[in-house]
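> this one's structure only:
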C-alpha cells in the first residue's frame, strides 16, 4: 500500500511536470528566437536613413561599417540599379540572389535558414528613388538558442525537485497510513497465536481508528468469553474439593473390609478424574493469564474472607480452631480473583488432607509495601522435606496426588514475580508463605528478580 501510493504520486507528479515544463521550455526557446530576430531587425533599420538619402557605394560602405552588425561582418546591403546605374553590393550575402529578389518582390522581411551557420534576415528598405533595397543580417545559431539550454536545465532541476519532494511526502503519508494497518495485522496475528493481551492503538486515519476500536472490542469480548469459560472450570474445582475431602475422610472411617476398600478406591479414582479436569482448566487459565497480562487484580482480603467462610463449615465439623488475621482492610494484588481463590483452596485443602482432625490452622495477610504475603500455617506434624514437597507439587507424578496443590500456588506467585516457600509455623506445623509481588519490574527480572527477592527475605530472617 505504501509503495503503491508512492508510485501513484510519482506518476502523477511526473505527468504534471512534463505537462508544464515542456511547453514552458518551448516558450522560452521561442522567446529566445524572437529576441534574436527582433535585434536583427533593429540593426537592419539603422541603415535605412542612409539608404533613403544616398546609394553611393563609398558612403554606404562607411555607414555599414559604422553599425554593430557591419563591424562584425554580419550585415550586407543589396541595392538594385538606380537611374541606369549599376547595382551596388555592400558586404557578402548569405541567403543568395534568389532570396534577395523574392524579398524585394514581396516587400516584406523574410528569414532564410542557413546550413550550419544559423539564419539570414532579409529586410526590404525603400530608397529615395522609390526602388527597394534589401538589408541582409546574419543571425548565428548561438543567438537564436541563447539561454535556452540554461532554461531547460533549470526546468529539469525544478521538475526533479518536485518529483523527489512528492515522493518523500507520499512516503511519509503512506507510512502514516500503513503503520496503523501493520499494527492491526500484527495484533491480529498475536491474538490468533493466543496472546490475548494484544491490543491496537486507536490512532491513524478515521477508517483505521474505527477498525482498531472494533478489533479491541472484539479482543475484549474474546477475553471475556474465555474468562467466563475458565471461571466455570474454576468454580467446578471449588464446588468439588470440599465434598471430595468429606467423602475421603468418611471413607477412611469405614474400617476394613471389601466394601470399605472399594469405597475408598472409588473416592480416590473420582479424586484423580476431578483433579485431571482441574489440572487442564488451570493450565488453560495460566496460559490465558500469560496472554492477558497483569491488568486484572482483586482484593486479597475479600477473597480470603470468602474462602475461609467456605471452609469454616468443614473446620467446625472436624473441631479445628481457625485464626484469621490481616483481612480487615483492602489489600489489592495483581492476581485475578479466581486464581487467588484456587490457590487458597489448594492450600486449605492440603491442611484438611494432611493434618489430623482437630488440628488448628491460621491464615494471615501482611502488606510488605512492594509485596503482599499470605501465610497459611497449621499445627500438624509438618513437612520433613519442603524442597521435595515443592518438587512433587511441580511434577504431579505421585499416585493419589494431582501435583496441583502447590503448583497452583506457585503459578499464582511466580506470575507476579514472587515465589512460594515452605517452613515451620508458629503453631508447630507447616507454614506456606505465598509472596505476591506488587512491583511490575519484578516481571522483567525473571529468575534473577526471584532470587533477589528470596535473598532479601532470607536476610530479613523470614
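That came in fine, so what should we check first? Source: prediction; values computed, not measured.
> specify the local secondary structure of the residue nearest to residue 209 when sequence neighbours are not counted.
What sits nearest to residue 209 in space, not counting adjacent residues and going by C-beta to C-beta, 6 or more residues apart in numbering, is residue 202, at 5.2 Å. Quick note: C-beta positions are derived from backbone N, CA and C, even for glycine. Three-state assignment for residue 202 (DSSP: H, G, I helix; E, B strand; the rest coil): coil.
> and residue 202, what are its phi and psi?
Here the main-chain torsion angles of residue 202 (degrees, to the nearest 10) amount to phi -80, psi 80.
> surely it meets residue 215?
No: at 9.4 Å, residue 202 does not count as touching residue 215 under the criterion of C-beta atoms under 8 Å.
> ok, these two, which is more surrounded?
More neighbours surround residue 215 than the other of residue 202 and residue 215, with 19 against 14 (other C-beta atoms under 10 Å).
> that older thread, list the contacts for the residue nearest to residue 209?
Taking C-beta atoms under 8 Å, 6 or more residues apart in numbering, we find residue 202 in contact with 209, 212, 213, 216.
> of all these, which comes closest to residue 138?
Closest approach to residue 138 among the contacts of residue 202 (C-beta to C-beta): residue 209, at 71.9 Å.
> for the residue nearest to residue 41 when sequence neighbours are not counted, pull up the helix or strand it's in.
Nearest residue to residue 41, sequence neighbours excluded (C-beta to C-beta, 6+ apart): residue 123, at 6.2 Å. Residue 123 belongs to strand 118-126 when elements are defined using DSSP states H and E.
> is the most centrally placed residue in the chain in a helix, a strand, or coil?
When C-alpha atoms, centre = their mean is applied to the chain, the residue found nearest the centroid is residue 179 (4.1 Å). Three-state call for residue 179 (three-state DSSP): helix.
> surely it is in contact with residue 205?
No: assessed by C-beta under 8 Å, residue 179 is found out of contact with residue 205, at 10.7 Å.
> what is the strand holding residue 123 packed up against?
helix 2-45, helix 48-53, helix 97-106, strand 110-114, strand 132-139, helix 141-144 (3 or more C-beta pairs under 8 Å, 6 or more residues apart in numbering; DSSP states H and E).
> please repeat the previous calculation with a cut-off of 6 Å.
Counting contacts by 3 or more C-beta pairs under 6 Å, 6 or more residues apart in numbering; DSSP states H and E, strand 118-126 packs against helix 2-45, strand 110-114, strand 132-139.
> what average pLDDT does it get?
Strand 118-126 shows a mean pLDDT of 89.
> report the angle between the axes of that strand and helix 97-106?
With axes from the mean of the first three to the mean of the last three C-alpha atoms, to 10 degrees defining the directions, strand 118-126 sits at 40 degrees from helix 97-106.
> contacts for strand 118-126?
37, 40, 44, 48, 51, 94-95, 103, 107, 109-114, 132-141 (C-beta atoms under 6 Å, 6 or more residues apart in numbering).
> rerun at 7 Å
37, 40-41, 44, 48, 51-52, 94-95, 99-100, 103-104, 107-114, 132-141, 144 (C-beta atoms under 7 Å, 6 or more residues apart in numbering).
> what's the answer for stretch 298-307, then?
Stretch 298-307 has contacts (C-beta under 7 Å, 6+ apart) with 327, 329-333, 335-337, 340-341, 344-345, 348, 363, 365, 372, 374.
> strands along this protein, start to end?
75-79, 88-90, 110-114, 118-126, 132-139, 298-299, 322-325, 332-333, 361-367, 371-378, 419-424, 430-437 (DSSP state E).
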